[in-house]
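S.K.: what shape does this take:
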Amino acid sequence: MSSPDPLPVSLDALSINNPSFPVNPLFWTQRHLLFVNCVFQELYDQHRNVMPREDHDEHLTACAEELATDPSAVLKRTWVEDLLTRPGGQLSHDNHQIGFFYDKRRVLKIWCDVFRPAENTNLRDSLIGYHRYDVDQQSRNRRAVRPPPDDRRNDPVKRFFEREFQSLTPEDWRNDPFIVCILISLAQRLVRDKKQANVYLTRLLVTHMSDQTNAQIFKADVPRQVLECFDQPARAMDDVVFPTIQYTAVPFQPYSTFSERIELHLLSTGDAGPVTLALRSQKRETEEADEPESEM
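M.R.: Alright, predicted model coming up:
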């Protein structure tokens, strides 16, 4: 397997040598992630068979069903907050938004509910976010065009942005570079909270408005050097390794255990392994079970 392409000298150099590389992460594409060797990896769901806690509240079951099926975008955050901040749980709600910073300036405000793990967890110095992904809203954000002063229609510019948007839309929304932006923003928040670490652990629960089957859990362990590069874009990147963005599809059903399962995913530090390897393992086990016993 070939080694990754060498990283650019700095983010400043990347922007200069590739004028299409934008500071605003709304306009990042998968090609921009390849510049810095940042990739997505789907992991197998290792928490499928979970029993409800003895103190499980039926309200949590109702919240899970509402989160999956309620068409109201506004209420999604309410159901998630109830699920993640259950009585006796390990998470507390902190804020409703975070910022993405570049060169010490906030270039984007992101609506993302932020949760903090309890002090007695392995992830007590991490941050967990919830983001409601709406491809139509992402489209509107990216295609927004400021009207001319005389309020004339700006059709040529709109057509240009339409073409640009086509290049910004990944085939699989779970590989949207904007998700990388959110995870990095959570890590930047930890730095602003005066947390000192070599690696900043960030987790993100994402629901898609058109998906009533699965939620997605994203994980990124963001090295300190990556954050230093966004803080000081002229910083050399020869010691920088961008994180692999791992994600897992978590079924909403059974609703009665959804709160338990997402809490396990969000607070775990283990690696379940790539989904392709898990599927191959399942196939081998099935084939072995189907093989006839040899005669003695």
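
S.K.: pLDDT score for the residue lying closest to residue 251 once chain neighbours are set aside?
M.R.: Leaving out its chain neighbours, the residue that sits closest to residue 251 by Cβ to Cβ, 6 or more residues apart in numbering is residue 214, at 5.5 Å. C-beta here means a position set from N, CA and C on the backbone, and glycine is covered the same way. Note for residue 214: predicted pLDDT of 98.

S.K.: phi and psi next, for residue 214.
M.R.: When read as degrees, to the nearest 10, the backbone of residue 214 gives phi -130, psi 150.

S.K.: can you show me the strands along the chain?
M.R.: 40-42, 91-102, 105-117, 127-133, 199-208, 214-223, 245-251 (DSSP state E).

S.K.: columns distance to residue 176 and mean neighbour count on top of these, output as TSV?
M.R.: Listed next are the strands of the chain as TSV, based on distance: least, Cβ to Cβ, whole Å; neighbours: other Cβ atoms under 10 Å:
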stretch	distance to residue 176	mean neighbour count
strand 40-42	9	17
strand 91-102	14	17
strand 105-117	13	17
strand 127-133	8	23
strand 199-208	10	22
strand 214-223	10	22
strand 245-251	10	19
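
S.K.: for those, give me CSV that also has distance to residue 258.
M.R.: Compiled in CSV, the strands of the chain are given as follows (distance: least, Cβ to Cβ, whole Å):
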stretch, distance to residue 258
strand 40-42, 20
strand 91-102, 15
strand 105-117, 16
strand 127-133, 14
strand 199-208, 11
strand 214-223, 8
strand 245-251, 8
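
S.K.: and of those, who's closest to residue 232?
M.R.: Closest to residue 232 of the strands of the chain is strand 91-102 (Cβ to Cβ; 10.2 Å).

S.K.: okay, the closest one in CSV with CA atoms only?
M.R.: Once non-C-alpha atoms are left out, strand 91-102 reads as follows in CSV (Å, rounded to 0.1, in the frame of the first residue of the first chain):
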residue,chain,number,x,y,z
LEU,A,91,-23.7,13.6,30.6
SER,A,92,-24.7,17.2,31.2
HIS,A,93,-25.8,19.8,28.7
ASP,A,94,-23.4,22.7,28.3
ASN,A,95,-24.3,24.9,25.3
HIS,A,96,-26.2,25.1,22.0
GLN,A,97,-23.5,26.3,19.7
ILE,A,98,-19.8,26.2,19.0
GLY,A,99,-17.5,28.2,16.8
PHE,A,100,-14.9,27.2,14.2
PHE,A,101,-11.7,29.3,14.6
TYR,A,102,-9.0,29.9,12.0
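
S.K.: what's it packed up against?
M.R.: Applying 3 or more Cβ pairs under 8 Å, 6 or more residues apart in numbering; DSSP states H and E, one finds that strand 91-102 contacts helix 73-84, strand 105-117, strand 127-133, helix 177-192, helix 224-231, helix 258-267.

S.K.: that one vs helix 224-231, what angle?
M.R.: Relative orientation of strand 91-102 versus helix 224-231 (axes from the mean of the first three to the mean of the last three Cα atoms, to 10 degrees): 50 degrees.

S.K.: now strand 91-102: how far from the chain's centre is it?
M.R.: 13 Å (Cα atoms, centre = their mean, to the nearest Å).

S.K.: strands paired with it, and their directions?
M.R.: strand 105-117 (antiparallel) (DSSP bridges).

S.K.: mind listing residues that contact the partner strand?
M.R.: 23-26, 77, 80-81, 84-85, 90-101, 123-124, 126-131, 181-182, 185-186, 189, 204, 267 (Cβ atoms under 8 Å, 6 or more residues apart in numbering).

S.K.: out of the strands of the chain, which is closest to residue 175?
M.R.: Using Cβ to Cβ, these put strand 40-42 closest to residue 175, at 4.8 Å.

S.K.: what lines up beside that closest one in the sheet?
M.R.: Sheet pairing of strand 40-42 (DSSP bridges) gives strand 245-251 (parallel).

S.K.: can you list contacts of the strand it pairs with?
M.R.: Contacts for strand 245-251 (Cβ under 8 Å, 6+ apart): 38-45, 47-48, 174, 179-180, 183, 213-220, 258, 261-262, 265, 271-272.

S.K.: what does stretch 212-224 give?
M.R.: 67-69, 174, 179-180, 183-184, 187, 197-208, 240-253, 262, 265-266.
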